[in-house]
Each structure stands twice: as C-alpha cells, then as structure tokens.
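S.K.: Sharing a model prediction with you, sequence too.
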Amino acid sequence: MSRSREQPMWQQLFQLDHKDTQSLQTQLRQSLVNAILDGRVAVDMPLPSSRELAKQLGVARNTVVLAYQHLVDENYLIARERRGYFVNPAILEGRVDAAGTDRSIMREDNVVIDTVLDLQSQRNLRRPTDWNHYQFPFIYGQVDSSLFPVNDWREACRLSLHVGAINEWTHDRIAQDDELLVEQIHKRVLPRRGVWAEPDQILITTGAQNALFITAQLLLDKQSTVGIEDPCYPDARNIFSLFSGHQIEFPVSNDGVQTDERLAQCRLMYVTPSHQCPTTTTMPLNARRDLLAEASKHNVMIVEDDYESELNFVGKPTPALKSLDESHQVIYIGSLSKTLAPGLRVGFMVGPKSFIAEARALRRLMYRHPPSNTQRTVGHFLALGHHDAAVLRLSQAYKKRWKLMNHALGRHMSLSTIAPAFGGSSYWVRLPEHVNAAELEERAAEESVFINAGDTYFAKPSGNRHFCRLGFSSISDERIEPGVERLARVIDSFPT
C-alpha cells in the first residue's frame, strides 16, 4: 500500500469553519493539538508540507506556516531538515497509555450514590442556555452584547497583562483580595449607595450568590429561623434552607416587604429593598428606617441584597439600608453582574470587621479567593472610570426599553396588571386568572418568545400561578413590542 494511502485524510482531520469567530490559523492550531494529543497522528509520520496542507484545506499557505511554527515553539512539533514536521515524542510523555482499555467500564448504568443533600429536588428558575436563539428573549439577568463596553474592557485587560501585573496576580494570595479592586469598591462603588466602609470590612466573592452562601453558613444552624420575602429570589430561599430549619415568609406590597411581629422570631432577615426580586418594587426610606429599628429591637441580622440598585429611572435612588445602619446589623451584598457581565462572577460583601474576617477564613477553605487576574482587570476597569460610564449607558438604554415595555404591555395586554417599577431590567406581570404562567411559558417558547413563569419565586406555588417575569436587558428595542404582541396572542389562545 502506498504511503499516501496510509496517511490520514487531512482535510477530514482538520475541518475549518470560515464563519467561525476564531481565525483559521487558531482553528488549525487547535485541530493539530487535538489530533496530536488524541494519538491520531503517529510520531514517525511526517505532516504534509505547508503548501500541500494549504491546498487541501483551501487556506493561504502562510496560515499553515504560522500554525506549524507556533506548535514548534510550543514543543508539539519538531522540524527536521529536508523531512518536514513531525510530532514531538516529548509532548506525549507522562500520559497514561489507554490503548486497549475498555471504555465501557466508564458507563454509569443505574449507579446511585447516597448523598446527605437532595439539591436536585429544589425548585429553581428555568432559564435555557440557548436563550439568545429565541426571537423574543424576555429573559432577565443576561446582558445585551451590543451594550458591553468592549474597548474599555480590552484596555483594562491590557493593563492587567503587563509583566509587572502578571507577576502580582500569578501569586497565590492565600485569602487576600486584589488591593486595587478593594480600593475601587471602597472609593467608587459603595459611596454611590451611601455606604462607607473600610477595606477590611469588604470581601470579594464569586458573585452575590456566593456571598449569600457564606453568610448563611456563618450565621445559621438548624435551630435558626430565617425571614424571607414572598415572592423571593429562589436561590436565596434554597441556600437558606440548607442551613436553617425554619423560614417565615413576609408578603411584598408596593412598598416592598411587609414585616410584622413574627420578625422577632428570626435570626436573619433577607431583603432586596432597592428593586425587590422579582416584583421590582422599591422600599421607601421611612419603611427602611422602620425595618432597621425593629430588627435592632429584636437583635435580627439583616442581609441586604442590593439588587439592581444602580438601575434607577425615576427620581433619586433611595440610600441603601447599610448606609442607615447604626447598629452594625446589616450584611450588605452587591454584584457587578447587572452592570458589567454576569459571566465574570464578581461580587462583594460588606459587614463588621469580625464578620468579614470569619467570612474570609471560610472562603479560604472553599476556594481561597476569586481569580486574581479577573480581580485586577475589574479593578482597572473601575479605576479608569469605565464602570461609571457603563452604568450611565446602561441606564439610558434600559430606561428606553422600560418605557417601550410599559407602552407595549398597556397596548397589548390591557387585562394584566403590572406592579409599579422604578427601574431595573424586568417587569413583574399579573396574568388573567384563567392563564397558568407555567403553561404560558411553554406555549410562548413554541412561538420563540421566552418568559419566566413566576410560580418558582413563591415559597408555596399553589395559588400563585398567574404571574410572570419579563426581562428587557437582552432584547433589542425594536423587538419589544412585536414580542409582547405575540405573547398577547398566546394568552388570548387560553380558554376563558
């Protein structure tokens, strides 16, 4: 058999996509690496010449030359004079020889492992990963890529990739956070909310949810009672249920959560006063003072999730509960997810020094600290003023969408009532009594409209199946009204 017949079909082994966002050279390099590490290219087999491979793949010869040279520099290939490029045997050393291994032993047919917790049975929000394939994605908590400050973020990335910066963030910081990021949260982010804190009262977390978990683990046990809003952020309710044996649900009105004498039974009270999740209502200043007074009277710790506080469209923002806290009873939790990007997972918590010291020690046991390179990049982003500019642009864009949503809902869904909204990135909609929100979510998805049924937000879903949440952070202006109109048609299809 001829040598050429023994060689792999290179055009099949290295399939390149000219529409991919990655360059052809990058795709080729990745394909070569995968083929080498998977053992699909023999060590003694010469790779085709750059001219031959370029012809087979339909790319420029220079693309292949640069890919080969890069892999030589990375020790994947060896260039042998007059013979061509070969796989470097050294790159394959230290790998287990899996030849002949029966991979069927890795199957997990009917394997059941008993666990202490049953987390999969918890009620969670249903949010598809392919939400951007919907024609009308009324999803909340995601970002519109067209609004992301790409150039500003690249500038911050470049600063964090200087040699000096790399030498700093590549070190294991044990339990400490990036000084620049802590300084910027201390000087730039918190003062916007009227919160003044010392650096040792601040801890960086991997998002607000991580801060909630740390707080719950430090403050609660199975004898503790937790007060929560109803409806409420489901993951907060689920987190607290892991550590506390008792929960008291307090109803939410147009002025936010309404507590009563049952607050005295609570060890901890969780609130989202800026834009209540999910109803978007804002707690007035006098109600905040009353809550603090009652909590202080009964020695109740308050966890303030300052959800979407920066996105305020009507009037001046109300000061955070933490800014009014004279008894050091508020644990303040914030995040940059809604104003920068949720995928970065950058959050922070503020509390008394002794509490933050314990939280830092607990975080060290969990994952030591959030990635230092991300912390430094976000620190530069804040220090350069990009975050403040991004908040302004987002507020302007969301305010326009907020108005478009209000107009569209009033025009096409006049039978629905909408809780007051003073900002944020979503609407909380009450549906007609004959419309089940979970069923509406399924039917709307079939029409390429994504919404969130509201039953999961309630502690007890029965009787609360006529609400849904419509986000507008990820849908373009021109699609809002057509999307609401299509949703209204789906609602009209329900029998009365």
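M.R.: Received, thanks. Since the structure is predicted, the reported quantities are computational estimates derived from the model, not experimental observations. Numbers count the residues shown, from 1 in each chain.

S.K.: could you pull out the strands for the stretch 1-150 of the chain?
M.R.: Assigned by DSSP state E, counting those that start in this stretch, the stretch 1-150 of the chain shows strands spanning 77-80, 84-87, 136-137.

S.K.: Adding distance to R123, mean pLDDT and mean neighbour count, write those strands out as JSON lines.
M.R.: For the C-beta atoms, the positions are set from N, CA and C on the backbone; glycine is no exception. As requested, the strands of the stretch 1-150 of the chain are exported to JSON lines (distance: least, CB to CB, whole Å; pLDDT from 0 to 100; neighbours: other CB atoms under 10 Å):
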{"stretch": "strand 77-80", "distance to R123": "53", "mean pLDDT": "94", "mean neighbour count": "16"}
{"stretch": "strand 84-87", "distance to R123": "52", "mean pLDDT": "94", "mean neighbour count": "20"}
{"stretch": "strand 136-137", "distance to R123": "22", "mean pLDDT": "96", "mean neighbour count": "24"}
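
S.K.: would you turn those into JSON lines with distance to D44?
M.R.: JSON lines is the format used below for the strands of the stretch 1-150 of the chain (distance: least, CB to CB, whole Å):
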{"stretch": "strand 77-80", "distance to D44": "11"}
{"stretch": "strand 84-87", "distance to D44": "7"}
{"stretch": "strand 136-137", "distance to D44": "52"}
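
S.K.: who wins for proximity to F348 among those strands?
M.R.: With CB to CB, the closest approach to F348 among the strands of the stretch 1-150 of the chain belongs to strand 136-137: 28.6 Å.

S.K.: Let me see the ranges of the strands in the stretch 351-496 of the chain.
M.R.: Secondary structure of the stretch 351-496 of the chain by DSSP E, counting those that start in this stretch: the strands cover 417-418, 426-430, 449-450, 452-453, 467-471.

S.K.: In contact with F240, which residues?
M.R.: Residues in contact with F240, defined by CB atoms under 8 Å, 6 or more residues apart in numbering, are 216, 220, 226, 228, 247, 268, 270.

S.K.: So for it, what's the pLDDT?
M.R.: Residue-level confidence at F240 comes out at 97, pLDDT.

S.K.: What of N464?
M.R.: N464 is assigned a predicted lDDT (pLDDT) of 78.

S.K.: Isn't it up against A438?
M.R.: No. N464 is beyond contact range of A438, at 11.0 Å (criterion: CB atoms under 8 Å).

S.K.: Mutual contacts of the two, please.
M.R.: With CB under 8 Å, 6+ apart as the test, N464 and A438 both reach D455.

S.K.: Worst mean pLDDT across the helices and strands of this structure, which element?
M.R.: Ranking every helix and strand in the chain by mean pLDDT, DSSP states H and E puts helix 3-6 at the bottom, with a mean of 46.

S.K.: what comes up buried for stretch 468-476?
M.R.: For stretch 468-476, the buried set under the neighbour-count rule, 16 or more other CB atoms under 10 Å, comprises 468-475.

S.K.: Out of these, which comes closest to V87?
M.R.: S474 (44.7 Å).

S.K.: Just to check, the closest one is in contact with N132?
M.R.: Yes. Between S474 and N132 there is a contact under CB under 8 Å: 7.3 Å.

S.K.: so what's E310 up against?
M.R.: Taking CB under 8 Å, 6+ apart, we find E310 in contact with 192, 317, 338-339, 391, 394-395.

S.K.: Hmm, which of the residues you listed is lowest in pLDDT?
M.R.: Per-residue pLDDT puts P317 lowest of the contacts of E310, at 76.

S.K.: if we can go back for a sec, show me the common contact partners of S474 and N132, please.
M.R.: Q142.

S.K.: what helices or strands is the longest helix anywhere in the chain leaning on?
M.R.: When the chain is parsed with DSSP state H, its longest helix is helix 386-412. Contact here means 3 or more CB pairs under 8 Å, 6 or more residues apart in numbering; DSSP states H and E; on that basis helix 386-412 packs against helix 150-160, strand 426-430, helix 477-492.

S.K.: Nearest approach to E81 belongs to which of these?
M.R.: Proximity to E81 (CB to CB) singles out helix 150-160 among the helices and strands packed on helix 386-412, at 39.0 Å.

S.K.: can you give me the offset of the closest one from its chain's centre?
M.R.: Counting by CA atoms, centre = their mean, to the nearest Å, helix 150-160 is centred 20 Å from the centre of its parent chain.
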